[in-house]
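Student: okay, here's the prediction I keep looking at, along with the sequence it came from:
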Number of protein chains: 6
Amino acid sequence: MSQRNMSELPWREARAAGAEGVTLLPIGSQEQHAAHLPLATDTLLVEAVVDRALEILAEEEQVPGAPGTDVLRLPVLPYGHSPHHLFAAALSLSAPTLSAVLGDLLGSLVTSGCRRIMIVNGHGGNDEIMRLAVKRFALRPEAEGVTLAACSYWTVTADGGEAPGGAGEAGARTAERPEVTPGHAGWFETSLMLAAHPGLVQTPVAAREPVVPPPLFDNPPYPGLTTERHGEWARVGGATDDASGADRDAGRRLLDARALGLARAVRAFDAATRPGLRSEPAPEPAGAAAPAPAPAHQGEE
Amino acid sequence: MSQRNMSELPWREARAAGAEGVTLLPIGSQEQHAAHLPLATDTLLVEAVVDRALEILAEEEQVPGAPGTDVLRLPVLPYGHSPHHLFAAALSLSAPTLSAVLGDLLGSLVTSGCRRIMIVNGHGGNDEIMRLAVKRFALRPEAEGVTLAACSYWTVTADGGEAPGGAGEAGARTAERPEVTPGHAGWFETSLMLAAHPGLVQTPVAAREPVVPPPLFDNPPYPGLTTERHGEWARVGGATDDASGADRDAGRRLLDARALGLARAVRAFDAATRPGLRSEPAPEPAGAAAPAPAPAHQGEE
Amino acid sequence: MSQRNMSELPWREARAAGAEGVTLLPIGSQEQHAAHLPLATDTLLVEAVVDRALEILAEEEQVPGAPGTDVLRLPVLPYGHSPHHLFAAALSLSAPTLSAVLGDLLGSLVTSGCRRIMIVNGHGGNDEIMRLAVKRFALRPEAEGVTLAACSYWTVTADGGEAPGGAGEAGARTAERPEVTPGHAGWFETSLMLAAHPGLVQTPVAAREPVVPPPLFDNPPYPGLTTERHGEWARVGGATDDASGADRDAGRRLLDARALGLARAVRAFDAATRPGLRSEPAPEPAGAAAPAPAPAHQGEE
Amino acid sequence: MSQRNMSELPWREARAAGAEGVTLLPIGSQEQHAAHLPLATDTLLVEAVVDRALEILAEEEQVPGAPGTDVLRLPVLPYGHSPHHLFAAALSLSAPTLSAVLGDLLGSLVTSGCRRIMIVNGHGGNDEIMRLAVKRFALRPEAEGVTLAACSYWTVTADGGEAPGGAGEAGARTAERPEVTPGHAGWFETSLMLAAHPGLVQTPVAAREPVVPPPLFDNPPYPGLTTERHGEWARVGGATDDASGADRDAGRRLLDARALGLARAVRAFDAATRPGLRSEPAPEPAGAAAPAPAPAHQGEE
Amino acid sequence: MSQRNMSELPWREARAAGAEGVTLLPIGSQEQHAAHLPLATDTLLVEAVVDRALEILAEEEQVPGAPGTDVLRLPVLPYGHSPHHLFAAALSLSAPTLSAVLGDLLGSLVTSGCRRIMIVNGHGGNDEIMRLAVKRFALRPEAEGVTLAACSYWTVTADGGEAPGGAGEAGARTAERPEVTPGHAGWFETSLMLAAHPGLVQTPVAAREPVVPPPLFDNPPYPGLTTERHGEWARVGGATDDASGADRDAGRRLLDARALGLARAVRAFDAATRPGLRSEPAPEPAGAAAPAPAPAHQGEE
Amino acid sequence: MSQRNMSELPWREARAAGAEGVTLLPIGSQEQHAAHLPLATDTLLVEAVVDRALEILAEEEQVPGAPGTDVLRLPVLPYGHSPHHLFAAALSLSAPTLSAVLGDLLGSLVTSGCRRIMIVNGHGGNDEIMRLAVKRFALRPEAEGVTLAACSYWTVTADGGEAPGGAGEAGARTAERPEVTPGHAGWFETSLMLAAHPGLVQTPVAAREPVVPPPLFDNPPYPGLTTERHGEWARVGGATDDASGADRDAGRRLLDARALGLARAVRAFDAATRPGLRSEPAPEPAGAAAPAPAPAHQGEE
């Protein structure tokens, strides 16, 4: 087991680590998060989740005989796709720009010897672009022998990705409020920031009345419908829900649940893609309750 | 209530219909669907769902006093993003090309007077690109006063978008097999095609042994993880699951459930975006059991 | 002889048909056509010409001993390059977008095994983009062994492509009015629509006074000069000439002349590009009067 | 009347000249022209035609009372779109690059005050790109009040653009051989080069046997069909026809016919677009036989 | 005087700080730096220089009556343009991608209220792209009222930008070796890393024989000539000069000289662009020897 | 020794010349140069410097035993990147367009057999784009065996590239005024134009008062800082310094110094890149005082 920062390695060591381990690329954003959270909230939270997930992996591997997962970590990309927040303040890469950045980085990683790469995302606006980048790159000829993965941190949970708040680990479960998760600059993110970076939260967080009607982008008129109305973010003031009840303890449990989920996801990805294992079923993650079988087919129609 | 094909109207009538009603743009694909289904499967199915949804809307509006929804329908875009099927045969637009096509069409629609536009998709590979197109377009200055929506047909169900197979309408529910929905060229699509275009299905459909390990793109090692391995579609032979048990009656019920879901989604979108209603809560869809409140937050992180 | 719709075939059959036959891709537009014709006019007309041309090919091949031409037909692309019609209403792909679409489709077809491909166009605004797409694609390395062709339907006539109205077949010739062919939403297109889709023509068609000066784009100050003035389409009201004299019988003959021309063009293209014939002179089209030798050199300067 | 080189003027004089006169932008190419003609053939010929056309305009304006046409001439763009000649040698801009160059130059000209702009082309490979550039630019908002024109020099003839070799001026007519005009590096271009730059022609020009079959791009199997086969330029050796009979006297007459045609086209464009004349019919060109009315409709379908 | 990290501020505070102060955007790279330095060398060094420069600014402002400069610092962009290092290992953005990233970030900053922006670069491969980005952005309409600056850290020195090693401050001067500055992974960078991050330098650094001939990119055959030979970086082993004599004390002085230079550059930029000072001469930087007047005209030819 | 114009050669001769010699591509601009110089100033000057440099090379090679340098000269690209001059008048290619043009031309040259290519630039606004184009092209696979160089004419001087006005040849040195070199439309360019094209200079050149403050782009607040303020070119009237003292004799010496510098640069580039010499030190340029060793490292950081 090893955990290395790619940044800190000379190139031969970086190539060797990338050839063996799972390469992790965190991506975030800089964008308005209402009056009480800093611009970097998404970047800080994805880094906090990755930090804690790597701690968990390291702890688990202390157990004699436990399998190990080698991880090569990249510097976070601190800028994401946030045009919907420019009404207030944001540093936003356009969709084609972010797509090009991710494509260039994936190409560079593969050219530099990496074979198993996972992007971990902290910002909803990056989600489609990231998943599309991974799908497109996997089809390139230079991706021969390469496997890629992508997730947004709030979707990987300790109980195996059931809808947040589902029947997972007791500790984590009690903190979940799926109806406002993840939201934006609301109860969920504020709770996490109180846990991870309390000094950067302006407290007390003011309560706010519900916006009527609630924002269409967060409350589509029918389930399954992505709905976008021009000017909606400005109309609702830049946040999706009331953050005044945010809670540091809940934040710790929410963060721990994602970190545990990410740790298990990294372990499972490692197991499923380890060279030589290609035609065998992926083993169970060690040292953890088995995740429920994945119900949400991402299948290609 | 009116239902018009934009194609068939002179331009003043087209502008008038777009200014008042909900504009529907179906998009599909041409791509390999194993040995038994035609290349156009996704295009044919999205058109079948839209056809049936418009029939349902028309029927419901026969009830005296029932509210009406004006619909302006566009010709289906028969080509989508299918690079993962080129190992066999497909007519694929690259991601930047499809993104440009959707952006150009949305821009043209708004320039031509449309104000409320919904894209209905029949192909998984288009999904991220479509949702991103809608989000990006809504931010453009020319989208002032415009609302956009997007969905893939298999995600809108009669029971309001719970995971397919959830506790919805009895008739539809009994047919669902969420573990292979939607898949690709498997039980779900084959059943729908047997219902909608039986003459285009090569029968009997051969049974096939499960591929071991199953394809990573359809069976991620951990829930929430998009996972893509180079060459995976060719390895598994172009389909996600055994289609030999596909059933025409189940297909009718599956199709009806999506058509009913789409009809309700159109009605709800119409209600939520009708001019003058902007600051009021969206009314319940008439003549239908209320969908469950949307639990799946698509929120912006 | 076979005529297949690519859409309706499973992929192995599609590949086999593309490897043997001539692949036909029709492209159209959605754009204003004055007050009396529908947006889809160009799309409907190119499909009508292709339909009739394929009927003619099938009829001719009934003759014992007649050679046959295998045709693989693609779904029409219903959207084209129509920015000049957005002053009223149109669904327009920009020139780079349409260029990318055609490049992607040609690339997909060749990857899927097609070797001889012909684009048939229904909209003047697509003409340069289509011809350029064909020229560019033929130079790509993946076009080794591939031949491509492109035409706009109104330029292929029964008498072998002399200026419309030239000395061709008696029946067709009598209907031609070259001074208003093809024009836009005028006598020519209206006559064709009265023949092909009379139910979509708003009749009676109002007469109109000639616009003075006539539109520069249709009446260049000197022959050979493409001339474009900003705002000209709006100034002249969206049509090039008076359509009030349009005539269904003339429309049938005009359409038949193009269909016969297209049938002969397909046959000639097939003959000139059939594998094994590369270094021999192209045979005369069978079952038809020989077209005049091509006088209009499209030569590269 | 004035004829100015934009290059040689300080900017205020350049703006003033562009605001009043017709701006001429010649474009050419650098590409193989068989063993006997230089790479710059197309560039040299378009410049020779423009030089002579401006002389004709100047001569005609010596007549007392003759109207004058102010011309602002730009430096020739010596590089064009020639990918089909890279099998031997060429300096080629890709189609998107040349399209961007022309768009940038048109935009710059309009920003710098020009209102009536004509591109004169010397290379077949530029033709579609040039015409498309003109059409696209005319639709931009900054083209308000601007008119654009484009032609390839071999299509503007003294007799008003009938098919080359038509019933025009006696002197020019006798030299024409439309079946090999323009061709590439054949009789037509070689004759013109013998007239314009005899020192750059390698003589005697070797005769060559006809290539069997002749190149598809220059001899489509059916009239009206653009036909392109991969590798065709290399197969036929880089020229379209036998140049050994090229003739300096014929070249002079061919060149004079195009120069006279271009002079009349410039005069007619000037007359049709002179400010204040917008709603009046374009006057006849002065001091010249009237061209035949333009029969070739470039109409938008 | 204030120094703020934009990342850590809620959006209103970020806007206020950007409206008043100088916004600093550091950019770096991840790329091979021979066997002894880490991939992030350029990123770490530009951050070290900025850190120290801000300390200097803060110290100088302790003096009573000294003027203050408000600085708003952005997170470093850790990825740059390094295709020339992919022969070993690098994470490289292509030139168009990096250009788009910088354009998007500058646009976002201006939209978010910043008016005076300086990019500080740590990687030679970014230099032209950065300067071009600044020049291009300043011409956009949204840059009304905005001033932009850009520098690479090794070019701003305490003695005012004379060639490194010129007659500047005594302390800094003694350490300079201009003939190997900046180089790549050689004496200069290694010395700086020994000063800033000694734990990330693999020591002892092996000596190496001079490469013969030395790399053309670093030793052009004539002064003023940018010279690039394919494969040159691999030929010379990824470094420009022998780093075995690198020295931590020298590194401190080299770093201090750049930090002092950057501090003065920030102060001078602030003074020259402070609102209301537009038509007055820029004041001398306070608390520092005046820099020599800038001799190196970057003038536009 | 040979000097050939690529334009004037048939393709086999062009390929042969490119395979042996140094290919020179001059690039210029069309842009405002104040009230007294023509738009083409930069293009005319770079051509004058290249003309004179080639004369010098030819003269030097008259000496018995002197080595020779074969040169293949391309037509000047008369259009460059001049968006900053559009406030008055310019014909400007955008940065992506010029970048594409240079990439396309370099690619064409290499495909056409050239192996050693030097771009000589006459316009400051092209400088970064040109150097970047050369760096990027050298990394492409097709650049195997190719070496590229780039310079702006005012930076190559007889005394080997010391800051203009440095301790070079006596004759040239006395004319230099480095504080206004090169500037734009000022003393330097006006003097050169009086020497090279006196008929195109509007004389007498009016004196002008210094602009206060002087333009930031030409007078950065700190050395090493590229500084750009929106609207600055219009504020200072389009020129950097007073041209009224421009002098024809000085112009001749300034021009001669650059021509001699360019001649030596071409000779040195030839010597350093001649096939077979790759691993030997570059020889001294023959028949000329040795340039000082290059002190200005362009090294990659």
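Tutor: The structure has been received and is ready for your questions.
Student: quick one: contacts for A:Glu228?
Tutor: By Cβ atoms under 8 Å, 6 or more residues apart in numbering or on different chains, A:Glu228 lies in contact with A:216-217, B:134-135, B:137-138, B:147-149. Every residue, glycine included, has its C-beta placed from N, CA and C.
Student: among these, which lie within strands?
Tutor: Among the contacts of A:Glu228, DSSP state E puts B:147-149 in strands.
Student: so which helix or strand takes in A:Leu192?
Tutor: According to DSSP states H and E, A:Leu192 maps onto helix A:187-196.
Student: pLDDT wise, what is the residue lying closest to A:Ala143 once chain neighbours are set aside at?
Tutor: Leaving aside its sequence neighbours, A:Ala143 sits nearest to B:His230 (Cβ to Cβ, 6 or more residues apart in numbering or on different chains; 4.2 Å). Looking at B:His230, its pLDDT reads 97.
Student: what's around B:His230, how many residues?
Tutor: 20 (other Cβ atoms under 10 Å in any protein chain shown).
Student: can you pull out the strands in the stretch 201-301 of chain A?
Tutor: Under the criterion DSSP state E, counting those that start in this stretch, the stretch 201-301 of chain A contains strands at A:226-229.
Student: for whatever residue of it ends up closest to chain E, give me its contacts.
Tutor: The minimum distance from the stretch 201-301 of chain A to chain E, using Cβ to the nearest Cβ, falls at A:Gln202 (6.2 Å). Contacts for A:Gln202 (Cβ under 8 Å, 6+ apart) come out as A:35-37, E:10.
Student: and the helices in the stretch 1-150 of chain A, which stretches?
Tutor: Ranges of helices in the stretch 1-150 of chain A, per DSSP state H, counting those that start in this stretch, are A:11-20, A:41-60, A:95-111, A:127-138.
Student: so what touches the shortest one?
Tutor: If I follow you right, that is helix A:11-20. A:2, A:4, A:6, A:9, A:70, A:72, A:109, A:112-115, E:32-33, E:35, E:39, E:88-90, E:238.
Student: one more time with 6 Å, if that's ok
Tutor: A:4, A:6, A:70, A:72, A:112-114, E:32, E:39, E:88-89 (Cβ atoms under 6 Å, 6 or more residues apart in numbering or on different chains).
Student: neighbour-wise, which of those residues leads?
Tutor: E:Leu39 (32 neighbours).
Student: I figured that residue hits E:Gln30, correct?
Tutor: Yes: contact criterion Cβ atoms under 6 Å: E:Leu39 and E:Gln30 qualify, at 4.6 Å.
Student: chain B contacts on the stretch 1-150 of chain A?
Tutor: Remark: the part of the stretch 1-150 of chain A in contact with chain B comprises A:42, A:83, A:95, A:123-125, A:128, A:131-132, A:134-136, A:138-139, A:143-144, A:146-150, using Cβ under 6 Å from any Cβ of the partner chain.
Student: do the helix holding A:Leu192 and chain E meet?
Tutor: No: figure legend: helix A:187-196 not in contact with chain E (Cβ under 6 Å from any Cβ); closest approach 11.4 Å.
Student: that helix packs against which elements?
Tutor: The helices and strands touching helix A:187-196, judged by 3 or more Cβ pairs under 6 Å, 6 or more residues apart in numbering or on different chains; DSSP states H and E, are helix A:41-60, helix A:248-273.
Student: show me where pLDDT drops low in chain A?
Tutor: A:1, A:160-174, A:276-301 (pLDDT under 70).
Student: could you find the residue nearest the spatial middle of it?
Tutor: The centre of chain A sits closest to A:Tyr153, judged by Cα atoms, centre = their mean, with a distance of 2.5 Å.
Student: the nearest residue to it once chain neighbours are set aside: how many residues sit nearby?
Tutor: Take A:Tyr153 and drop its neighbours on the chain: the residue closest to it by Cβ to Cβ, 6+ apart is A:Val49, 4.5 Å away. Applying other Cβ under 10 Å, we find 28 residues neighbouring A:Val49.
Student: Provide a list of residues in contact with A:Val49.
Tutor: Contacts of A:Val49 by Cβ under 6 Å, 6+ apart are A:153, A:258-259, A:262.
Student: ditto for A:Phe87
Tutor: Applying Cβ under 6 Å, 6+ apart to A:Phe87 gives the contacts A:233-234.
Student: and A:Glu8, what is it in contact with?
Tutor: With Cβ under 6 Å, 6+ apart, A:Glu8 has these contacts: E:38, E:200.
Student: repeat the analysis, applying 7 Å as the threshold.
Tutor: E:38, E:40, E:200 (Cβ atoms under 7 Å, 6 or more residues apart in numbering or on different chains).
Student: now swap in A:Tyr79 and tell me
Tutor: Per Cβ under 7 Å, 6+ apart, neighbours of A:Tyr79: A:29-30, A:91, A:93, E:105.
Student: of the residues you listed, which is the nearest to B:Glu179?
Tutor: Among the contacts of A:Tyr79, A:Ser29 lies closest to B:Glu179 (Cβ to Cβ), at 34.8 Å.
Student: circling back to that earlier point, how about the contacts of A:Val49, which pair is most distant?
Tutor: Using Cβ to Cβ, the contacts of A:Val49 span at most 8.6 Å, a distance reached by A:Tyr153 and A:Ala259.
Student: hmm, back to that, got the phi and psi for the residue nearest to A:Ala143?
Tutor: phi -60, psi 130 (degrees, to the nearest 10).
Student: and the residue of the stretch 201-301 of chain A closest to chain B?
Tutor: With Cβ to the nearest Cβ as the measure, A:Pro223 is the residue of the stretch 201-301 of chain A nearest to chain B, at 2.2 Å.
Student: distance between the ends of stretch A:112-119?
Tutor: 17 Å (Cα to Cα, to the nearest Å).
Student: that stretch near chain E at all?
Tutor: Yes: judged by Cβ under 7 Å from any Cβ of the partner chain, stretch A:112-119 and chain E are in contact via A:112-113.
Student: same check on stretch A:99-110?
Tutor: Yes: for stretch A:99-110, a contact with chain E is found by Cβ under 7 Å from any Cβ, at A:100-101, A:104-105, A:108-109.
Student: residues making contact with that stretch?
Tutor: Residues contacting stretch A:99-110 (Cβ under 7 Å, 6+ apart): A:18, A:23, A:25, A:77, A:93, A:117, A:129-130, A:133, A:137, A:142-143, A:146, A:148, E:79, E:86, E:90-94, E:97, E:100-101.
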